[in-house]
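Asker: what follows is a predicted protein model with its sequence.
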Protein chains: 4
Amino acid sequence: MPLEPGDKVLVYIDEKRRFVIVLEEDGILGTDKGYIKHSDIIGRDIGEAVYTSRGFKAYLLKPTISDYLHVFKRATQVIYPKDSSLMIYLSGIGPGSRVVEAGVGTGFLTLSLANIVGDNGRVYGYDIKKQNLEIARRNLELAGLGSRVELYHADIRSGVHQRNVDAVFLDMPDPWNALEAVYKALKPSAPILVYVPTINQVEKTVLAMRRTNCFIAVKAMETLVREYIVNEEATRPKTLMIGHTGYIIFGRKVIDPTCAYQ
Amino acid sequence: MPLEPGDKVLVYIDEKRRFVIVLEEDGILGTDKGYIKHSDIIGRDIGEAVYTSRGFKAYLLKPTISDYLHVFKRATQVIYPKDSSLMIYLSGIGPGSRVVEAGVGTGFLTLSLANIVGDNGRVYGYDIKKQNLEIARRNLELAGLGSRVELYHADIRSGVHQRNVDAVFLDMPDPWNALEAVYKALKPSAPILVYVPTINQVEKTVLAMRRTNCFIAVKAMETLVREYIVNEEATRPKTLMIGHTGYIIFGRKVIDPTCAYQ
Amino acid sequence: MPLEPGDKVLVYIDEKRRFVIVLEEDGILGTDKGYIKHSDIIGRDIGEAVYTSRGFKAYLLKPTISDYLHVFKRATQVIYPKDSSLMIYLSGIGPGSRVVEAGVGTGFLTLSLANIVGDNGRVYGYDIKKQNLEIARRNLELAGLGSRVELYHADIRSGVHQRNVDAVFLDMPDPWNALEAVYKALKPSAPILVYVPTINQVEKTVLAMRRTNCFIAVKAMETLVREYIVNEEATRPKTLMIGHTGYIIFGRKVIDPTCAYQ
Amino acid sequence: MPLEPGDKVLVYIDEKRRFVIVLEEDGILGTDKGYIKHSDIIGRDIGEAVYTSRGFKAYLLKPTISDYLHVFKRATQVIYPKDSSLMIYLSGIGPGSRVVEAGVGTGFLTLSLANIVGDNGRVYGYDIKKQNLEIARRNLELAGLGSRVELYHADIRSGVHQRNVDAVFLDMPDPWNALEAVYKALKPSAPILVYVPTINQVEKTVLAMRRTNCFIAVKAMETLVREYIVNEEATRPKTLMIGHTGYIIFGRKVIDPTCAYQ
């Protein structure tokens, strides 16, 4: 079916030039490789290409969550796909899951979570900064997944409204101060996933989790992704790589008589 | 609600000793840390612990897909979570997606895909070895996700039955020979994700994808995960790590007049 | 003993601002953090600090080979310390060793080799570009180690003048074409060390070495260095790292009746 | 010149089977691949091969420092080549250098240092365990470099005998307690190199070095080496790798009025 006004489309020129736009009859997309009139796009099919005013090829694609992340407004450090994808995997969540997230930041992880839980699931997002939540809300609407997410301007360290959730994701400076709230929100056996940038936060969080006797299978890790430049008879990794983003901590709620939060 | 006969439970003693069992009135779980009678588990709640005959604590957890992977029967090399999670993320799939996978192997990636696509989605799995498919079938049934997967004893290089799928995942020795079938199965703009163990396969696959003019945004990468040993004032990475599993290749189908498969 | 005109000194403001200068009565060192008159340095001791005209502290240090590398003129890709240091270690060379190097480039590895072999050793450097050799010569003179190095404007693939050398180091696009010359130059049991940027060159070189039956203990590897940002309670790796420079190949000459170069 | 009784030779069967022996008329080298009579080796040349009693080829090589490390007796954790080679490089030492090392352990780093400083240099090694020093002494004699090393059964934290040394290398649990002794031993501008296994020790050492105002250019890093399996059209990194050994810290002594040790 041909593209119509109101449709969202990813205009892809190259890896660094990707634009998610909403088609308008009179719209114009300006880029440093020339402009494209929306009217040149309307009527074409997803997968086809148009040309910019300067003759560069631009493919018309259906945006995935990964594409939205490239165009999202950022106000905070974000969790990279290499980390969020492993966190989601380790959480075991799927369609229908109910998950709590704090802090939401500008909604990068939130979007991935909303994508996975589907229309029957729910993401409950907390953040102490109102401005973050506003940006996150706009980002989620842009991606069309706003209806799966409830955002709270609240401090998770003071408690959460939800109970029996399938997973909790934390991206905050002092996750050890949120452990009691997390414990109360989680289903028995359900996982907590924490993301922190420094190794000192890893140590503090893991030691706190162990001390409570409320979590098992606690482990910490980091991920690295290395991209390759592929050419015939001349293949090698890229010269520069992201050497560090943050660490991931995993644990699972148990019901233990010695648990500090029982 | 207390555990009953017929329930699936993950018995977790430590990271190396995790067992997924189906509770039976007279069942016994034997481990090198002592045995546990199922009757000791029946009536307990998820999250609680029992003790083995030798006094080791064993927690009763709800198995996640990640836990099933630990207990799955393996007959082939498997795709590790660090790789499958990023592949799934990059694919952008979610609840309701229809995806093709070849080769299925013993179903590790298949299970993760089935978890994400949900009851309204579908995984179409191909493998040329009948024995693999039988093991995969049993593994998927064990995890309770068999109904989301259709398995085909067929060679994807000769074509696939599906059209307009949301993503294709390949784990086979010569992915470049399956590109035409993949192209025909994919929706325009939809992604192909390839996993190969050697750098030579990366080069061949990427060059083949480029030559066809049928895929864009082609890129290759590898992932590394590094686990940490956390102790008070003595935190450090583990001495041994997995230094290599395989490489991931990504690309997206486009409709181009010069595409070799148009 | 106080610094005098004619002395070489490393002026260190910070990691990005280090200057090796030769003191002159009327000299002035200009930097983006202000200038320093040489006369302010003359009479001070190594290890002390002076201030720039804008008030930035600048330490007066004795340049090491590592410092020279920061100030050397570069005309080519250079071998990084992480690689050259491991190559030198694996070569087993020390004071008095005689080594062959090709291509010399602008003399980065050459300088490290010259430092290790000492006044009783010798580095025989080959390069096919005259311009490289001129820059290398100037760099080596600057570091005061020129007398340990003989430079040849010649193609090592056509043979080398030396025999019975303790090690050969290659940094050239097609090391497999230099293997016969390397073999003839090396002492029995002595090592060859090769540096190449792509994995295809690794494969070609290693396979060629194996096929000749003239080298044993052949192995290939790569090194990575990750720098840390250390702060109280906030320690973590740097965000960006060098993800790739090149690969290192090692082998040892043996005397075998089946060796292709016997 | 043919091998004679009394000569040291490296018998190399494969990467895991390398033996440094001193030839004796009646000697026999036993291995799990068969035995070799020394009399079969005597009279052969370095670089040639003999066969074990079970028909495996064994090459006769001249041992390098790297080979000695494989046969050294170990009683402690050792510093790996990937780390010691970079530490030595960063130290800038060469023939004639005088260096202090603590703790010596079983002499792995000591041997590399002794190799580099040559006959005109000196390594002053400290350790608080007499047993370590005895093993280190034997290891160094085996490698023929004992005359370049003076070993002290003493605690470096209480001070060192040497002054004006060219570099200090520390491998001890609490390097921050040795900083004053290190400072007094070093020449102005000369470097300290520290090796520690945990990130907490990195933080403590770096912060202590900064606080003293006695060291500049302080930095911390870690190294990784990844080995490759090279086969025609099937090249890839090894599955398992050493994911962690230790961290390296570097700094340089300066003369500053605010230095705590002035």
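Answerer: Happy to help now that I have it.

Asker: quick one: residue A:100 from chain C, how far?
Answerer: 26 Å (Cβ to the nearest Cβ, to the nearest Å). Using the backbone N, CA and C atoms, a C-beta is placed for each residue, glycine as well.

Asker: partner strands of the helix or strand hosting that residue and their direction?
Answerer: For residue A:100, the host element (DSSP states H and E) is strand A:98-102. Next to strand A:98-102 in the sheet, as set by DSSP bridges, lie strand A:122-127 (parallel), strand A:167-170 (parallel).

Asker: per-residue confidence averaged over it?
Answerer: Mean pLDDT, strand A:98-102: 98.

Asker: with stretch A:136-155 instead?
Answerer: 96.

Asker: any bit of it sitting next to chain B?
Answerer: No: taking Cβ under 8 Å from any Cβ of the partner chain as the criterion, stretch A:136-155 and chain B are apart, separated by no less than 9.4 Å.

Asker: and the contacts of that stretch?
Answerer: With contacts defined as Cβ atoms under 8 Å, 6 or more residues apart in numbering or on different chains, stretch A:136-155 is touched by A:8, A:20, A:63, A:65, A:68, A:71-73, A:104-108, A:110-111, A:114-115, A:117-119, A:121-128, A:130, A:133, A:161.

Asker: repeat that for 7 Å
Answerer: A:65, A:68, A:72-73, A:104-107, A:110-111, A:114-115, A:117, A:119, A:121-128, A:130, A:133 (Cβ atoms under 7 Å, 6 or more residues apart in numbering or on different chains).

Asker: for chain A, what helix or strand is lowest in average pLDDT?
Answerer: helix A:65-71 (a mean of 84; mean pLDDT, DSSP states H and E).

Asker: which helices and strands sit right next to that one?
Answerer: strand A:17-22, helix A:108-117 (3 or more Cβ pairs under 7 Å, 6 or more residues apart in numbering or on different chains; DSSP states H and E).

Asker: any idea which helix or strand comes after that helix?
Answerer: In N-to-C order, the element after helix A:65-71 by DSSP H and E is helix A:81-91.

Asker: quick one, that following helix and strand A:98-102 angle?
Answerer: Computed by axes from the mean of the first three to the mean of the last three Cα atoms, to 10 degrees, the angle separating helix A:81-91 from strand A:98-102 equals 140 degrees.

Asker: can I get helix A:81-91 in CSV, CA atoms only?
Answerer: Taking C-alpha atoms only, helix A:81-91 is exported to CSV below (Å, rounded to 0.1, in the frame of the first residue of the first chain):
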residue,chain,number,x,y,z
PRO,A,81,21.1,-1.2,22.7
LYS,A,82,24.0,-3.6,23.5
ASP,A,83,23.0,-3.2,27.2
SER,A,84,19.2,-2.8,27.0
SER,A,85,18.9,-5.8,24.7
LEU,A,86,20.8,-8.1,27.2
MET,A,87,18.9,-6.6,30.2
ILE,A,88,15.6,-7.4,28.4
TYR,A,89,16.7,-10.9,27.5
LEU,A,90,17.8,-11.6,31.1
SER,A,91,14.5,-10.3,32.5
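
Asker: hmm, it touching chain B?
Answerer: Yes: applying Cβ under 7 Å from any Cβ of the partner chain, one finds helix A:81-91 touching chain B at A:81, A:82, A:85, A:86, A:88, A:89, A:90.

Asker: list the contacts for the third one?
Answerer: In this structure, residue A:85 makes contact with B:85, B:86, B:88, B:89, judged by Cβ under 7 Å, 6+ apart.

Asker: chain neighbours aside, what residue packs nearest to it?
Answerer: Distance criterion Cβ to Cβ, 6 or more residues apart in numbering or on different chains; nearest residue to residue A:85, sequence neighbours excluded, is residue B:89 at 3.5 Å.

Asker: hmm, that neighbour is touching residue A:80, no?
Answerer: No: using Cβ atoms under 7 Å, residue B:89 is not in contact with residue A:80, being 10.3 Å away.

Asker: tell me which of the two has more neighbours.
Answerer: Each of residue B:89 and residue A:80 has its neighbours counted (other Cβ atoms under 10 Å in any protein chain shown); residue B:89 has more, 24 against 17.

Asker: ok, that one - contacts?
Answerer: Contacts of residue B:89 by Cβ under 7 Å, 6+ apart are A:66, A:81, A:85.

Asker: show the pLDDT at it.
Answerer: The model reports residue B:89 with a pLDDT of 96.

Asker: where are the low-confidence patches of the stretch 1-150 of chain A?
Answerer: For the stretch 1-150 of chain A, applying pLDDT under 70 flags the ranges A:75.

Asker: tell me the angle the strand holding residue A:100 makes with helix A:108-117.
Answerer: 180 degrees.

Asker: from the chain's centre, how far out does strand A:98-102 sit?
Answerer: Chain-centre distance of strand A:98-102: 12 Å, with Cα atoms, centre = their mean, to the nearest Å.

Asker: could you do stretch A:10-19 as well?
Answerer: 20 Å.

Asker: and if you look at stretch A:177-192?
Answerer: For stretch A:177-192, the separation from the chain centroid amounts to 20 Å (computed by Cα atoms, centre = their mean).

Asker: got the buried residues for that stretch?
Answerer: Within stretch A:177-192, the residues scored as buried using 16 or more other Cβ atoms under 10 Å in any protein chain shown are A:177-183, A:185-192.

Asker: repeat that for stretch A:153-160.
Answerer: A:155, A:156, A:157, A:160.

Asker: circling back: and the buried ones among the contacts of stretch A:136-155, selectable in ChimeraX?
Answerer: Buried subset of the contacts of stretch A:136-155, written as a ChimeraX selection, criterion 16+ other Cβ under 10 Å:
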select /A:65,68,72,104,105,106,107,110,111,114,115,117,119,121,122,123,124,125,126,127,128,133
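
Asker: farthest from the middle of chain A: give me that residue.
Answerer: In terms of distance from the mean C-alpha position of chain A, residue A:233 ranks first, at 36.5 Å (Cα atoms, centre = their mean).

Asker: ok, the closest residue to that residue other than its chain neighbours - how many residues close by?
Answerer: Take residue A:233 and drop its neighbours on the chain: the residue closest to it by Cβ to Cβ, 6+ apart is residue C:200, 4.7 Å away. By other Cβ under 10 Å, 19 other residues sit near residue C:200.

Asker: for residue A:184, which three-state class applies?
Answerer: Following DSSP: H, G, I helix; E, B strand; the rest coil, residue A:184 is assigned to helix.

Asker: hey, what's residue A:224 bridged with?
Answerer: Taking DSSP bridges as the rule, residue A:224 bridges to residue B:224.

Asker: any idea how far residue A:236 lies from residue C:24?
Answerer: Look at residue A:236 and residue C:24: by Cβ to Cβ, to the nearest Å, they are 44 Å apart.

Asker: likewise for residue A:115?
Answerer: Distance check for residue A:115 against residue C:24: by Cβ to Cβ, it reads 66 Å.

Asker: do the same with residue A:141
Answerer: Look at residue A:141 and residue C:24: by Cβ to Cβ, they are 67 Å apart.

Asker: check contacts around the residue nearest in space to the middle of chain A.
Answerer: Geometric centre of chain A, nearest residue: residue A:109, 2.1 Å, by Cα atoms, centre = their mean. Counting by Cβ under 7 Å, 6+ apart, residue A:109 touches A:79, A:84, A:101, A:169, A:171.

Asker: adding neighbour count as columns, could you present those residues in JSON lines?
Answerer: Supplementary listing: the contacts of residue A:109 in JSON lines, determined by neighbours: other Cβ atoms under 10 Å in any protein chain shown:
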{"residue": "A:79", "neighbour count": "22"}
{"residue": "A:84", "neighbour count": "27"}
{"residue": "A:101", "neighbour count": "26"}
{"residue": "A:169", "neighbour count": "28"}
{"residue": "A:171", "neighbour count": "26"}
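
Asker: now residue A:4, nearest residue through space, not along the chain?
Answerer: For residue A:4, the closest residue by Cβ to Cβ, 6+ apart turns out to be residue A:42, at 6.4 Å.

Asker: so that neighbour makes contact with residue A:23?
Answerer: Yes: under the criterion of Cβ under 7 Å, residue A:42 makes contact with residue A:23 at 5.8 Å.

Asker: quickly list what's touching both of the two.
Answerer: Residues touching both residue A:42 and residue A:23 by Cβ under 7 Å, 6+ apart: A:3, A:4, A:5.

Asker: done for today, thanks.
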